[in-house]
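Trainee: Using only what follows, build the 3D model:
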Amino acid sequence: MKTGDRVKFIGCTENQYKWGSCTNPNGILKIGHYYQVEDIEVHSWHTKITLVGIEGKFNSVSFEDLSLDDIGAYKEMLKAELADAIDKQEQEQDEQFNAGREEALSYAIVMLDKIKIDS
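Mentor: Prediction:
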C-alpha cells in the first residue's frame, strides 16, 4: 500500500481502531467501497492511513489493496457515483432556473400592475 493507491474498506473491529488511537471508521466509511490513500504513517506495530477527502487516520488492516478482481466492481461504483453527481447537478440547475423564472414572473407582474396604474 502506498500513497495514491485505491483501497477497499473491509470493516473494522473496536480493537483495530483503538490500536494506536486510530479513527473509528464505522459510520464514516462503507464496507466494500473504495478510497484513495492520501498519506501513510508507519509505526512499529501498526500503520495509519489517511484517505483523500475524509478526516481521520485509519488502521491499515481495515483495507485491502484494489485487486484485478475488484476493478469491475470499482468501475461500477465510479459509474454510480458519477450518475449521482450528474443527477444532483441537474437538480440544482433546475432549482436555479425555477427560482430565476419565479423572480422574472414576479417582476413582470409588478411591471404590468404599474402599466395599468399609469394608464
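
Trainee: Restricting to C-alpha, output stretch 110-119 in PDB.
Mentor: Output in PDB follows, covering the C-alpha atoms of stretch 110-119 (Å, rounded to 0.1, in the frame of the first residue of the first chain):
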ATOM      1  CA  VAL A 110     -45.200  44.300 -10.900                       C
ATOM      2  CA  MET A 111     -44.500  46.000 -14.200                       C
ATOM      3  CA  LEU A 112     -47.900  45.100 -15.600                       C
ATOM      4  CA  ASP A 113     -49.500  46.400 -12.500                       C
ATOM      5  CA  LYS A 114     -47.500  49.600 -12.900                       C
ATOM      6  CA  ILE A 115     -48.600  49.900 -16.500                       C
ATOM      7  CA  LYS A 116     -52.300  49.500 -15.500                       C
ATOM      8  CA  ILE A 117     -51.800  52.200 -12.800                       C
ATOM      9  CA  ASP A 118     -50.100  54.600 -15.200                       C
ATOM     10  CA  SER A 119     -52.700  54.100 -17.900                       C
END
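
Trainee: Show me how far that stretch is from its chain's centre.
Mentor: 50 Å (Cα atoms, centre = their mean, to the nearest Å).

Trainee: same thing with stretch 98-112?
Mentor: 36 Å.

Trainee: Repeat that for stretch 45-58.
Mentor: That offset, for stretch 45-58, works out to 16 Å (Cα atoms, centre = their mean).

Trainee: What residues sit buried inside that stretch?
Mentor: Under the neighbour-count criterion of 16 or more other Cβ atoms under 10 Å, stretch 45-58 has 47-51, 57-58 buried. C-beta: built from backbone N, CA, C; applies to glycine.

Trainee: What is the nearest of the residues you listed to Val110?
Mentor: Among the buried residues of stretch 45-58, Leu51 lies closest to Val110 (Cβ to Cβ), at 52.0 Å.
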